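# for reference, the sequence and a predicted model appear below.
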Amino acid sequence: MRFRKTLACVAGAVISASVLAACSTTSSSNAGGGAAASTGTPQNGGTATFAELPGSPPNYIFPFTDSSYISVSNTDLFQYMMYRPLYWFGVGASPVLNTTDSVANAPVFSNGGLTATITLKHYMWSNGQPVTAQNVIFWINMEQAIGATTYGAYNGFPNSVVTSAKAVNANTVVLTMNKVYSSNWLLYNDLSQITPMPEAWDQTAAGPSHCSTDVSDCSAVYKYLDAQSRNISGWVSSPIWSIIDGPFKLSQFNTDGYVKFVPNPAYTGPVKPRLAVFEELPFTTDAAEYDVLRAPGGSSQIDVGYVPQANLTAKPAGVTVGANPLSGYTLDPWYQWGVSFYTMNLQSTISDHAAIFKQLYMRQAMAYLMNQAAVIAGPLRGYAFDTTGPIATQPSSPWLSPQAKTNQFAYNPAKAKSLLTSHGWNVQPGGTTTCTNASLCGAGITAGTPLNFTMAYSSGQAWIGAELTDLQSNEAQLGIKLNLKPEPFTQVVSADSGNCKVADLPCSWDMADWGLGWSYAPDYLPTGEVLFECNVPANSGGYCNTQNDSMIKATLTSSAQSLMFSWENFLSAQLPVEWQPNAPYQMTEVVNNLHGVLPQETTLNINPETWYYVKS
């Protein structure tokens, strides 16, 4: 974990909740540095290419992202190029507020913490209009109207938090809360969600509307904008999506996921792009990407790509980065501020499967069959960390409890078998385990029910398939049949892993693994309300526990470490999802004459406007 010395906090502003509870910096993210220690003369122009992860092209452009589309591919690596969030998080490798790259100054809290005042900086939309306080209210009104059922990062804001949201002048928003909340939570998990939206977006198919001033108009406006966002072929020519305030505008987009950005000449942010073109390149498999990456030169060169774990040598213990298989590039693991897991559908409509997954003993048995240590040492070549609960074990943070530093469900098939047999299951190694005592198996489970499930998982990255093949083998030893179904990432995160009761999606799925779990962005304080509370869109499996909800709510109004520890220890053992190794988002390779890419932000943001080539 890299930590940069911070400057003094803004007087009267909230203290940022960094990984060391430090103040936010005023240095620009990704400033200086470069892909390697080489020196040279910075050049203007050139094309930089960035490889997309396999099967994960952008497929949603509207920054009020639907729960079935919310992903790093759509937000951090695509939408943020064009539409800047109100607050930017990420300073190098530290997931903290970046005041320089934010559209607004840090909020100032007053009235005992009940009032937050937000002052916008000077940003302009590409249509010549300024980014205003009313553009912020536009977002807040829309989230109030339909956020609870639609927005992928919804956590109760603003509906159950804000009593008044007003644009008091062109540059100032004043929010009044219904009670005193943790100022860190308000900034890192609520205000962090907001992306100002231009007045030109305030329309329906019938013409201009008034969502920015009247919440009752927002449902119809959302319906129109959502439909326009799903019309992928119309993005480039769209009069809606061409109105931007970010550093790049969309020049070309193909349905296979190829993206071409060029600089936005109207951009008023702190760093103007030096590159002439920034491209994102799609690949169906990590092997296909690596074939191009290791044969650089010509029009097919990848400037920022990734090495599949299968092509790495094992990383020696005690070092951050092992041997690089490529010359001319710098290897850097891109770790996320988040956790990793696969999910079980506690709302499944398949036979008795929901009833099975609702049994805590069953979730514990499954946990004992995930051999995280073997997956880290094997397919991941040492580049990963255990996930032990809802708080990341790395990077180091003040929120990880002492108890959660070790995995209480380390691989132990004997314990898994004991849990099954003691709860009425006839374990048949290599065969099919069935329930023989329904009174012990649990409510809703009938005698004779087999343990036979299907898991959809993201295809394209070999290590994910290797991990799940290992899990399949471990479960087969106890007579649990796991049918693996490889699918494109976009399919797994939508139809085959959505919270079906909240988002009105099909419930006929068992398990899903999109490979990289959950990045805390855009809710950077890991308090759990976005992912683990009852009936929130991102709670894919539908886990619901009133004690958990109560413990989460306590962490939103107080920053007491003891409250976070108590909740975390409770939920870690509850297994609302099945924890798995937290692998790097990717093993990044950066061509050595491209600077400004490193250090990579653990928030998974990128800033191509700071990238530039050097001439030696």
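Everything's here; your move.
# let me know the helix or strand that Gly246 is in.
Remark: Gly246 resides in no helix or strand, with elements defined by DSSP states H and E.
# ok, now which ones touch the residue lying closest to it once chain neighbours are set aside?
For Gly246, ignoring the flanking residues on the chain, the nearest one in space by Cβ to Cβ, 6 or more residues apart in numbering is Met82 at 4.4 Å. Quick note: C-beta positions are derived from backbone N, CA and C, even for glycine. Neighbouring residues of Met82 by Cβ atoms under 8 Å, 6 or more residues apart in numbering: 61, 241, 244-246, 248-250, 264.
# need the phi and psi values for Met82.
Geometry field for Met82 lists phi and psi as phi -110, psi -40, criterion degrees, to the nearest 10.
# how close does it sit to Ser559?
Met82 sits 34 Å away from Ser559, going by Cβ to Cβ, to the nearest Å.
# please apply the same query to Thr406.
25 Å.
# which one's more surrounded, those two?
It is Ser559, of Thr406 and Ser559, that has more neighbours when counted by other Cβ atoms under 10 Å, with 20 against 10.
# surely the more buried one and Ser182 touch.
Yes: here Ser559 reaches Ser182: they are 4.9 Å apart, a contact under Cβ atoms under 8 Å.
# which residues does the residue nearest to the spatial centre of the chain form beta bridges with?
The chain has Ser519 as the residue nearest its centroid, 3.2 Å off, counting by Cα atoms, centre = their mean. As for beta bridges, Ser519 partners with Gly338 under DSSP bridges.
# go ahead and confirm it touches Ser340.
No: using Cβ under 8 Å, Ser519 is not in contact with Ser340, being 9.9 Å away.
# what's around the closest residue to Thr255 other than its chain neighbours, how many residues?
Distance criterion Cβ to Cβ, 6+ apart; nearest residue to Thr255, sequence neighbours excluded, is Ile232 at 6.1 Å. The local packing of Ile232 (other Cβ under 10 Å) involves 16 other residues.
# which residues does Ile232 contact?
Counting by Cβ under 8 Å, 6+ apart, Ile232 touches 59, 253, 255.
# now distance to Tyr329 too, for these, in a markdown table please.
Formatted as a markdown table, the contacts of Ile232 follow (distance: Cβ to Cβ, whole Å):
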| residue | distance to Tyr329 |
| --- | --- |
| Asn59 | 29 |
| Phe253 | 27 |
| Thr255 | 30 |
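# now, among those, which is nearest to Ser401?
Among those, Asn59 lies closest to Ser401 (Cβ to Cβ), at 37.3 Å.
# check which helices and strands the longest helix along the chain sits against.
Secondary structure assigned by DSSP state H gives helix 133-150 as the longest helix of the chain. If you count contacts as 3 or more Cβ pairs under 8 Å, 6 or more residues apart in numbering; DSSP states H and E, helix 133-150 packs onto strand 162-169, strand 172-177, helix 218-230, helix 500-503.
# could you dump the ones you listed to CSV with distance to Val236, mean neighbour count and mean pLDDT?
Formatted as CSV, the helices and strands packed on helix 133-150 follow (distance: least, Cβ to Cβ, whole Å; neighbours: other Cβ atoms under 10 Å; pLDDT from 0 to 100):
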stretch, distance to Val236, mean neighbour count, mean pLDDT
strand 162-169, 32, 14, 98
strand 172-177, 32, 20, 98
helix 218-230, 13, 19, 98
helix 500-503, 28, 18, 72
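# same list, these, but as TSV with distance to Asn474 please.
Output for the helices and strands packed on helix 133-150, formatted as TSV (distance: least, Cβ to Cβ, whole Å):
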stretch	distance to Asn474
strand 162-169	47
strand 172-177	48
helix 218-230	40
helix 500-503	28
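# of all these, which lies closest to Tyr411?
Nearest to Tyr411 among the helices and strands packed on helix 133-150 is helix 500-503; the distance by Cβ to Cβ comes to 30.9 Å.
# state the distance from Asn189 to Thr555.
Asn189 is 10 Å from Thr555, by Cβ to Cβ.
# joint contacts of these two?
Common neighbours of Asn189 and Thr555 (criterion: Cβ under 8 Å, 6+ apart): Thr527.
# between those two, which has more neighbouring residues?
Asn189 (27 against 24).
# which parts of the stretch 501-616 of the chain are helices?
546-557, 561-574 (DSSP state H, counting those that start in this stretch).
# deepest-packed of those, please.
Comparing these by mean neighbour count (mean count of other Cβ atoms under 10 Å), helix 561-574 ranks first with a mean of 19.
# out of the contacts of Ile232, which are inside strands?
Judged by DSSP state E, the contacts of Ile232 include Phe253 as members of strands.
# helices of the stretch 201-350 of the chain, residue ranges please.
Going by DSSP H, counting those that start in this stretch, the stretch 201-350 of the chain shows helices at 218-230, 286-293.
# next, the buried residues of the last one.
Neighbour counts over helix 286-293 (16 or more other Cβ atoms under 10 Å) mark 286, 289-290, 292-293 as buried.
# burial of Val319, as a residue count?
Residue neighbour count, defined by other Cβ under 10 Å, stands at 9 for Val319.
# surely Gln586 touches Tyr306?
Yes: the criterion here is Cβ under 8 Å, and Gln586 meets it with Tyr306 at 3.9 Å.
# overlap in contacts of these two?
Taking Cβ under 8 Å, 6+ apart as the contact rule, the neighbours common to Gln586 and Tyr306 are Leu53.
# return the subset of the contacts of Met82 lying in strands.
Short answer: the contacts of Met82 in strands (DSSP E) are 248-250.
# closest to Phe570 out of the residues you listed?
Taking Cβ to Cβ as the measure, Phe570 lies nearest Phe248 of the ones in strands among the contacts of Met82, at 43.6 Å.
# who's in contact with the closest residue to the closest one other than its chain neighbours?
Once flanking residues are discounted, Phe248 sits nearest to Phe261: 3.8 Å by Cβ to Cβ, 6+ apart. By Cβ under 8 Å, 6+ apart, Phe261 lies in contact with 81, 248-251, 277-280, 608.
# can you flag the buried ones in these?
Restricting these to buried positions leaves 81, 248-250, 277-280, 608, with burial counted as 16+ other Cβ under 10 Å.
# tell me who's in contact with the residue nearest to the centre of the chain.
Going by Cβ under 8 Å, 6+ apart, Ser519 touches 72, 76, 336-338, 585, 603-604.
# and Leu400, by the same measure?
Contacts of Leu400 (Cβ under 8 Å, 6+ apart): 391-393, 568.
# nearest residue to Glu589 other than its sequence neighbours?
Glu589's closest residue in space is Tyr329 (Cβ to Cβ, 6+ apart), at 4.2 Å.
# let me fix that, I meant to ask about Ser164.
Closest to Ser164 by Cβ to Cβ, 6+ apart is Thr176, at 4.1 Å.
# beta partners of that neighbour?
In beta-bridge terms (that is, DSSP bridges), Thr176 pairs with Thr115, Ser164.
# touching, it and Val168? I think so.
No: in this structure Thr176 lies outside contact range of Val168 using Cβ under 8 Å: 11.5 Å.
# what segments of the stretch 501-616 of the chain are strands?
Assigned by DSSP state E, counting those that start in this stretch, the stretch 501-616 of the chain shows strands spanning 511-513, 518-519, 578-579, 586-591, 594-595, 612-615.
# which ones are touching Gly442?
By Cβ under 8 Å, 6+ apart, Gly442 lies in contact with 355-356, 358-359, 361-362, 423.
# got those as CSV, with pLDDT, secondary structure and neighbour count columns?
As requested, these are exported to CSV (pLDDT from 0 to 100; DSSP: H, G, I helix; E, B strand; the rest coil; neighbours: other Cβ atoms under 10 Å):
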residue, pLDDT, secondary structure, neighbour count
Ala355, 97, helix, 18
Ile356, 98, helix, 25
Lys358, 98, coil, 21
Gln359, 98, coil, 18
Tyr361, 98, helix, 17
Met362, 98, helix, 24
His423, 98, coil, 18
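# got those residues as CSV, with distance to Ile140 columns?
Formatted as CSV, those follow (distance: Cβ to Cβ, whole Å):
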residue, distance to Ile140
Ala355, 40
Ile356, 41
Lys358, 36
Gln359, 41
Tyr361, 43
Met362, 41
His423, 48
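# any idea how this protein splits into domains?
Under automatic domain parsing, the residue ranges defining each domain of the chain are 65-92+99-227, 338-579.
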